[in-house]
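**Q** Using only what follows, build the 3D model:
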Amino acid sequence: MALSEENDVDVLCLQEADTTDLPPGVGHLALADATRSNRLGLAVYTRSDKYIVKATKLVSVHKSLHDRVLAPAHERLLAVHLLDRETGREVLVGDFHAAPLTASNKLRRKQIAAAHDGMRSLAMHLPALMVGDFNYPWFINGLERRLLTSGYTLTRTTEPTYVRYKFFSGYFDFVTSTGFTIDRVDVLPAGASDHRPISLKAHITEE
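**A** I've put the predicted structure just below:
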């Protein structure tokens, strides 16, 4: 609750949450939807006085060996279709969690593409933004180039987001978007998670 209130957010995306114990509201935000059978625990809260939730969708993507051997993690995207009450503009927001580092970058690229397609299945040609743990700390320039060819821009954070070990840190959490202008993605102070939360302001790009 403190995180949402201190930063006055319109949309809050959670990861690895206990979705069996999520409150229906967090401060000024209302729960749009959450995963139901996934240990990653994705959830999205939105400002109900600003947005109408038109639809939500849970998307399964290619499974990694880690997913098959250990615990199921098939719902790796929670997509939300929002209508702005004031402007009448519609947007798509995705809460995404890629496979861990035991998987290959090739597999994660397939997961990212499938997640984008999953968002698009809610509504085509809308401004779309996907935020989350991409588990892609190396060779990110190659991912950026591939995303550009598919119409998406990748925005990195201003600081590393993974801080669990003093001898290892990295940029794991990103934002991909199309139809949005994002100046920067800030990293907030660390909390209980081994990933620091991120914050951004996105504006619809006017044609």
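
**Q** Run the chain-centre distance for stretch 87-106.
**A** 5 Å (Cα atoms, centre = their mean, to the nearest Å).

**Q** tell me the mean pLDDT over it?
**A** Computed over stretch 87-106, the mean pLDDT rounds to 93.

**Q** One more: stretch 26-40?
**A** Throughout stretch 26-40, pLDDT has a mean value of 86.

**Q** wait, what's in contact with the closest residue to Asp18 other than its chain neighbours?
**A** Nearest residue to Asp18, sequence neighbours excluded (Cβ to Cβ, 6 or more residues apart in numbering): Gly41, at 6.0 Å. C-beta coordinates here come from the backbone N, C-alpha and C atoms, glycine included. For Gly41, the contacting residues are Leu14, Gln15, Glu16, Ala17, Asp18, Thr19, Ala34, Thr35, by Cβ atoms under 8 Å, 6 or more residues apart in numbering.

**Q** If we use 10 Å, what do you get?
**A** By Cβ atoms under 10 Å, 6 or more residues apart in numbering, the contact set of Gly41 is 14-22, 34-35, 75, 78, 97.

**Q** Quick one: buried ones out of those residues?
**A** Among these, the ones that count as buried by 16 or more other Cβ atoms under 10 Å are Leu14, Gln15, Glu16, Thr19, Ala34, Thr35, Glu75, Leu78, His97.

**Q** now, which of those sits nearest Ile52?
**A** Using Cβ to Cβ, Leu78 comes nearest to Ile52 of these, at 17.3 Å.

**Q** I'd like the next helix or strand past the top helix by length along the chain.
**A** For the chain, the longest helix by residue count, based on DSSP state H, is helix 105-120. Next in sequence after helix 105-120, counting helices and strands by DSSP states H and E, comes strand 128-133.

**Q** ok and the helix or strand just after that following strand relative to helix 105-120, angle-wise?
**A** Using DSSP H and E, the helix or strand that follows strand 128-133 in sequence is helix 140-149. On the basis of axes from the mean of the first three to the mean of the last three Cα atoms, to 10 degrees, helix 140-149 is oriented at 30 degrees to helix 105-120.

**Q** from the middle of its chain, how far away would the helix or strand that helix 140-149 is followed by be?
**A** Heading C-terminal from helix 140-149, the first helix or strand you meet, by DSSP H and E, is strand 153-155. Between the centre of strand 153-155 and the centre of its chain there are 13 Å (Cα atoms, centre = their mean).

**Q** And strand 153-155, what does it pack against?
**A** Under the contact definition 3 or more Cβ pairs under 10 Å, 6 or more residues apart in numbering; DSSP states H and E, strand 153-155 sits against strand 128-133, helix 140-149, strand 173-178, strand 180-187, strand 198-204.
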